[in-house]
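Visitor: Using only what follows, build the 3D model:
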Amino acid sequence: SEKKRSSPGQELSDALHALEKGKADQFVNLLTLIKGVVDVMVFSNNAGIDLHQKYRGKKMNEGIHSLCGLVSAFVVLYKNFPNAKSTR
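Guide: Okay, the predicted model is just below:
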């Protein structure tokens, strides 16, 4: 069977659409990475774990601990917001 040729305008439109989808996927991946990093920071400062105390000799500042928890919560809220575009 013969492959149907598309016009240069259609190819450009398809390429721009693929670029936008790639950017959206990249943003979602960035949010996932940020959430993972801040979750590890929060977890490593919990009582009983205390990796900062063990390896640095002092606990992590509670303000930083709280900020990491807030960032994690906001990422979850943003990704689950009802009007957010689904890229899954």
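Visitor: List the buried residues in the strand or helix carrying residue 33.
Guide: For residue 33, the enclosing helix or strand under DSSP states H and E is helix 8-44. Across helix 8-44, burial judged by 16 or more other Cβ atoms under 10 Å covers 28, 35, 38-39, 41-42, 44. Every C-beta, even on glycine, is put in place using the N, C-alpha and C of the backbone.
Visitor: so who does the spatially most central residue of the chain touch?
Guide: When Cα atoms, centre = their mean is applied to the chain, the residue found nearest the centroid is residue 31 (1.4 Å). Applying Cβ atoms under 8 Å, 6 or more residues apart in numbering to residue 31 gives the contacts 75, 78-79.
Visitor: Could you export the residues you listed as JSON lines, including distance to residue 7?
Guide: Formatted as JSON lines, those follow (distance: Cβ to Cβ, whole Å):
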{"residue": "75", "distance to residue 7": "41"}
{"residue": "78", "distance to residue 7": "38"}
{"residue": "79", "distance to residue 7": "37"}
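Visitor: PyMOL command to pick out the buried ones of the residues you listed?
Guide: In PyMOL syntax, the buried subset of the contacts of residue 31 is picked out as below (16+ other Cβ under 10 Å):
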select buried, resi 75
